[in-house]
Structures are given as C-alpha cells and as structure tokens.
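> with the input below, show me the fold.
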Amino acid sequence: PANDFTVQARTVPVKNHPKGPAVTSGVVVHKTGEPTIQVSLGEDTDSAHASVFTVNSNDCPVQLFVDGQARDITTGTGLTDATVQVKGNRIVVEYLDLQMRLDMNVRSWRDECHFSVTYFLADCPCDGSLVGILGQPDGEWTNDWHEHDGTAVDIPRSRRKRRGREAYDYSLTWCLAAADSKFTYEPEMSHGDFDMCTGTKGDDNFDVDVDQIIETATDETPEIIDTCTTGDVLDEGCVLECVYMGDGACDEYVNIVQNTATADIPETPDTPDVPDIIDFPDIPDVPDDTPATDAEEIPDDSGPSGSLGDPHFRTWNNDHFEYHGQCDLMLAKDPEFAGGLGIEVEIRTKLVRFWSYIKSAAIRIGDD
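Numbering: from 1, shown residues only. As a prediction, this is how the structure comes out:
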C-alpha cells in the first residue's frame, strides 16, 4: 500500500527463568518513502557492527540496521530525516517528518539483555487507521482491543482476565507472519528463529496460576503484595511482573502502569439507560522535561481562562492542562455572542521535536 506505516517489536523468552517470561529484543519502524530503522540485540558481540552496552555486568550487543544495512549505532544513521542518538544505555530514535520518537533503554535481567521502550507519536491518526496491540489513539478505551481492521473486540470486565489467559490469547492475534515482518535478520537466521506464536505455536506457552502466585507472594514476599496494592485493590499484573521479572521490572511497572489513568470497567454491563461512568485514579505529578517558558508557573489564584506558552491551558474553572501537538485549536465559540453576532477564538500550535508552542491566534466576530 501507499501508506504502510508500521512499528514492530520482537520479543524473546528469558532463558534463565523456569516460566520464560518474554522481553523485548528489537524494534523496527517502516513507512514507504522513509528510512526503515531497526534497533535490535545481536546474537553475540561478534554480530555485524554490534556495539556493546554493559548492563549489570552483562555485555549486550546492540545492532542498528538502516534500510537493511548494519551500521555502528554510536555513529547514528547518517541521515537527517531519521536519526539515532546514544547516551549511556539510552537510545533515541526520531523521525522528524513522522513526528515520532522511540525512547529505548538497554536493560538486563537474569543475564537476558532486553529493551524497555517508550513510544511517542505526536502526529497521531485518530481515524481508526492506526491499529495494533498498543490500542487505538482516539481516547476511547472500549476499542483498545480490536481486530486488524479496527473492529472492537470485547475487553474482559474482570481485571484478572485482562492480565491472564484472555489477554495472552488476544496478543497472539498480533503475531507477525514472515511475509509481514519488516525485520532484518543476521546471516543464517530468519523469522522462524523467533516465531513462537503464529498459527498454534503459542497455544501451550501460557502456564500461569495467578491464584497460586498471589498466595505464595503473600506468604513469602508480602512486600510485593503491598507494592502492588493501590486503593485496597491488588493489581495481579503487577504481582506477576514483580515475581517473574524482579525489582527493576517491578519498579518500572509501578512507575508506568499504576501511575497511568486506567478505565474502571464494571463487572456487569451497564444498561442502555445508564451512561457509562469511568473512574480514574489520581495521577501523581510527573516531572516535565519540556523546555521551560515564562508561563511555566501557573498562579493558584482565580482569574480568566486562557492559553500560555508551550502551550498551557487554563479553563473557565481554573483547571490547568497542557497539549503538545500541531494543529488549529478552537479555544472558545459562542454563536449567541452579542445578540447572535457570534464569536470564535482559535489558536495555531507549532510542533518542535516533541513539544509545541502557540504560533498564532485568530478572533472572528460576526463576519469580520
């Protein structure tokens, strides 16, 4: 197709673990007309152009492929429209035209090197065309599980089922066949060396007794139960992560997952006459790494609504929020203003890397 934007990830089982939990060993970004960038772990330190990242005394060979050709990742891509930067054990992949960034950290657990990846897509299509295991970016949680054509799939109402076999089986639907993979493979290796889930291959790989794991953790490591309990509710996914993946993964889970607003799906469906109500937990303050502006400080005293800086918004009720994207935004509109004359106030934001600022503003009253 003319527009075949895709982000693919490769996962592998942790070899030195009896249950073999999976970790991310590679990511590739592809779009027609753009460079295909792949960051992945090589088989060993002798892999082509592999750069060694030392993590927890383990040597992790990291490879960079640009349009299928291996390069030394420390020298970047050699391109301007798609860049790769390395600082310590952190790797940042950026596509300027796509307004996309991958923030990757090289980690190691039980001698298994892997990546922790955060994906940023500033210019995100919200028309249903973007699909995948990460969900759909339209702000509607009910279609986060969906078919490849975007058709919503019922999400289990039980939190445990959303962490257990049902989630595993849903994930299998996003496994890639060889013809769909954009990954480059090392000599004498292929898609088949990593494929453990297409067809029926993954059916027997799920062997988790959640109740037994929680019971054992309660008796032997009660601190995990304390860590994974928020508002008197135990997060089973957190327990699995802490038990199987250790302290580092446990802390990461708590920092990312538990501090993210999560839809509270009722155990029984709402009747058509009752509107859906979604309760979100309080989100703790997160340090902002965007460039500071003169408008960084938002006064506590009440005052007029408005938009400031890069850009900050304050509503009529004096609530503060931020939006970092590029588009024309309607700040306020009232067709009954001035006896029906009408008023519209709009701003235009400009994206600079991964933060934005207010570039211009327009006001229309009546036909003026």
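> remind me which residues of the stretch 101-250 of the chain are low pLDDT?
Scanning the stretch 101-250 of the chain for pLDDT under 70 picks out 124-126, 199-207.
> now do the contacts for the spatially most central residue of the chain.
For the chain, the residue nearest the mean C-alpha position is Y119 (4.6 Å; Cα atoms, centre = their mean). Neighbouring residues of Y119 by Cβ atoms under 8 Å, 6 or more residues apart in numbering: V7, M100, R101, L102, D103, L134. All C-beta spots, glycine's among them, are computed from the backbone N, C-alpha and C.
> ok, which stretches of the stretch 151-300 of the chain are strands?
229-230, 233-234 (DSSP state E, counting those that start in this stretch).
> from the contacts of Y119, list just the buried residues.
Among the contacts of Y119, those classed as buried by 16 or more other Cβ atoms under 10 Å are V7, M100, R101, L102.
> how close does the residue nearest to the centre of the chain get to K161?
Per Cβ to Cβ, to the nearest Å, Y119 is found 25 Å from K161.
> inside strands: which ones of the contacts of Y119?
Counting by DSSP state E, the part of the contacts of Y119 found in strands is V7, M100, R101, L102, D103.
> and of those residues, the nearest to G42?
Distances from G42 to the ones in strands among the contacts of Y119, taken as Cβ to Cβ, are shortest for L102 (18.3 Å).
> picking that back up, got the contacts of Y119 as CSV, with distance to I155 columns?
Below are those laid out as CSV (distance: Cβ to Cβ, whole Å):
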residue, distance to I155
V7, 22
M100, 27
R101, 28
L102, 26
D103, 27
L134, 14
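> kindly indicate which of these lies nearest F321.
Nearest member of those to F321, counting by Cβ to Cβ, is R101, at 21.5 Å.
> burial count for the closest residue to that closest one other than its chain neighbours?
In space, and not counting its chain neighbours, R101 is closest to F120: 4.3 Å by Cβ to Cβ, 6 or more residues apart in numbering. Neighbours of F120 under the rule other Cβ atoms under 10 Å: 15.
> top helix in this structure by residue count?
Criterion DSSP state H: the longest helix present in the chain is helix 236-253.
> follow-up on the earlier one: got the angle for the helix or strand where the residue nearest to R101 lies vs helix 236-253?
For F120, the host element (DSSP states H and E) is strand 112-121. Here strand 112-121 runs at an angle of 90 degrees relative to helix 236-253 (axes from the mean of the first three to the mean of the last three Cα atoms, to 10 degrees).
> just the CA coordinates of strand 112-121, formatted as CSV?
Output in CSV follows, covering the C-alpha atoms of strand 112-121 (Å, rounded to 0.1, in the frame of the first residue of the first chain):
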residue,chain,number,x,y,z
GLU,A,112,19.0,-11.7,29.4
CYS,A,113,19.6,-8.4,27.6
HIS,A,114,16.5,-6.6,26.5
PHE,A,115,14.9,-3.2,25.8
SER,A,116,12.5,-1.0,27.7
VAL,A,117,10.8,1.1,25.0
THR,A,118,8.5,4.2,25.2
TYR,A,119,6.8,5.2,22.0
PHE,A,120,5.8,8.8,21.2
LEU,A,121,3.7,9.6,18.1
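> pull the number of nearby residues for A178.
A178 is flanked by 11 other residues according to other Cβ under 10 Å.
> cool, and A362?
A362 has 11 neighbouring residues, counting by other Cβ under 10 Å.
> need the nearest residue in space to it, chain neighbours excluded.
E346 is the one closest to A362 (Cβ to Cβ, 6+ apart), at 5.0 Å.
> within its sheet, name the partner strands of the helix or strand containing that neighbour and how each one runs.
Per DSSP H and E: E346 is located in strand 343-352. As defined by DSSP bridges, the strand partners of strand 343-352 come to strand 328-334 (antiparallel), strand 355-365 (antiparallel).
> of the ones you listed, which is nearest A249?
strand 355-365 (29.2 Å).
> quick one: the closest one to chain centroid distance?
On the basis of Cα atoms, centre = their mean, to the nearest Å, strand 355-365 sits 29 Å off its chain's mean C-alpha point.
> for stretch 107-117, same thing?
18 Å.
> show me what it is in contact with.
9, 12, 14-17, 23-27, 39, 41, 53, 55-56, 58, 60-61, 89, 102-106, 245-246, 248-249, 252.
> so which bits of it are buried?
Across stretch 107-117, burial judged by 16+ other Cβ under 10 Å covers R107, S108, W109, E112, C113, H114, F115, S116, V117.
> for V210, state which of those residues is nearest.
Using Cβ to Cβ, the buried residues of stretch 107-117 come closest to V210 at W109, 21.2 Å.
> partners of the closest one in the sheet?
Going by DSSP bridges, W109 forms beta bridges with E112.
> ok, now how distant is it from N58?
W109 sits 9 Å away from N58, going by Cβ to Cβ.
> now do the SS call for D149.
Put simply, D149 is coil when judged by DSSP: H, G, I helix; E, B strand; the rest coil.
> how close does it sit to E94?
Using Cβ to Cβ, D149 is found at 30 Å from E94.
> ok, V84 next?
8 Å.
> again, but for V86
Taking Cβ to Cβ, one finds V86 at 12 Å from E94.
> need phi/psi at D46.
phi -90, psi 0 (degrees, to the nearest 10).
> let me see the contact set for it.
P61.
> one more: the one 4 residues further on?
Neighbour list for A50: G42, D44, P61, V62, Q63 [criterion: Cβ under 8 Å, 6+ apart].
> tell me which of those residues fall in strands.
P61, V62, Q63.
> could I get the pLDDT score of the residue nearest to the last one when sequence neighbours are not counted?
Distances taken as Cβ to Cβ, 6+ apart put G42 closest to Q63, at 4.7 Å, once the chain neighbours are dropped. Residue-level confidence at G42 comes out at 95, pLDDT.
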